[in-house]
Each structure stands twice: as C-alpha cells, then as structure tokens.
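**Student:** Fold the following.
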Amino acid sequence: MLIAVLALIGLFVAMYLWFFKLGIIGSLTCKIDGCEKVNTSPWAMFFGQPVAMWGVLYYVAMFVVAYASTLERFAAHPRVPAVLVVLTGWGVLFSAYLTYLELAVIHAVCMYCVISAILVVVMFGLALMDRKR
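**Tutor:** Model prediction:
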C-alpha cells in the first residue's frame, strides 16, 4: 500500500510538470533555479511526447499494480511483486538517465524531477523488500 501512496504523490508531481508543458500553468513554482530550464529543454520530450506525460502514465501504472497487490485476489500471487520490481527498476534506470541529462547536458536541476527520482528509488527499495518476502 505504501508503494501505491508514493505512486499517487509521484502522479501529482508528474501532472504538475505535464500541465506546465501543456501551457495550462504559466510558470513553475520552484525553490531552485532550473526547473523551467529543464522542462523547456529539448530533452523534456521523449518519443515526441513530454517526459512528464510519460511520468503520469508510469505513476498510474505503478498505482494500479501496487493497489492490485493489496487485493485479496492478487495478494499471494508471486508475479505481482515481480512486476513491481521490474516497473520500479525501469523507473530507476530512466530517472538515472534523466538526472544525467540534468547534470551533464542541461546544467540545471529541477526539484520536481529530483522528488520524482527519489520516489522511484524508494518504491524500488520497497518492491525489492516485498519480493524477498
């Protein structure tokens, strides 16, 4: 259930960034200088779509799988923890790639991206612990 809660938090972060990218939000409220630079860079697009949109889809998928794992029907199913490990592992790899782009290519850091990366790493750790049980 904790992974589902973290996925919801991540969903709100990704939606905020996606709304900015869509022009629904005029500017980002950010404690550090760099959020808009990162989110308006050429690397803020992936396969022709905003990275934030992919984040929204990722966090929705994470929430659905994590929530399903709490249902009696799926609670004892061995594939559900494996799916969580694979999804969160992929999220860690993609977050690492995006963090590399921020630091080495864009030379700016977005605090929302850092929050998302931390959420993904924590979800990965929780998924690994759940898998071991």
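**Student:** Give the other helices and strands that the strand or helix carrying Tyr59 contacts.
**Tutor:** Counting by DSSP states H and E, the element that carries Tyr59 is helix 51-68. Here helix 51-68 touches helix 2-22, helix 79-100, helix 111-132, going by 3 or more CB pairs under 8 Å, 6 or more residues apart in numbering; DSSP states H and E. C-beta: built from backbone N, CA, C; applies to glycine.
**Student:** Gly34 is nearest to which of these?
**Tutor:** helix 111-132 (8.0 Å; CB to CB).
**Student:** Run the angle between the closest one and helix 51-68 for me.
**Tutor:** Interaxial angle of helix 111-132 relative to helix 51-68 (axes from the mean of the first three to the mean of the last three CA atoms, to 10 degrees): 30 degrees.
**Student:** who's in contact with helix 111-132?
**Tutor:** Residues outside helix 111-132 that contact it (CB atoms under 8 Å, 6 or more residues apart in numbering): 2-3, 6-7, 9-10, 13-14, 16-17, 28, 30-32, 35, 38, 55, 62, 66, 69, 81-82, 84-85, 87-89, 91-92, 95-96, 98-99, 102.
**Student:** pLDDT below threshold where in this structure?
**Tutor:** 74-77, 132-133 (pLDDT under 70).
**Student:** redo that, cut-off 90
**Tutor:** Residues of the chain meeting the criterion pLDDT under 90: 1, 21-23, 25-36, 39-40, 44-45, 68-83, 129-133.
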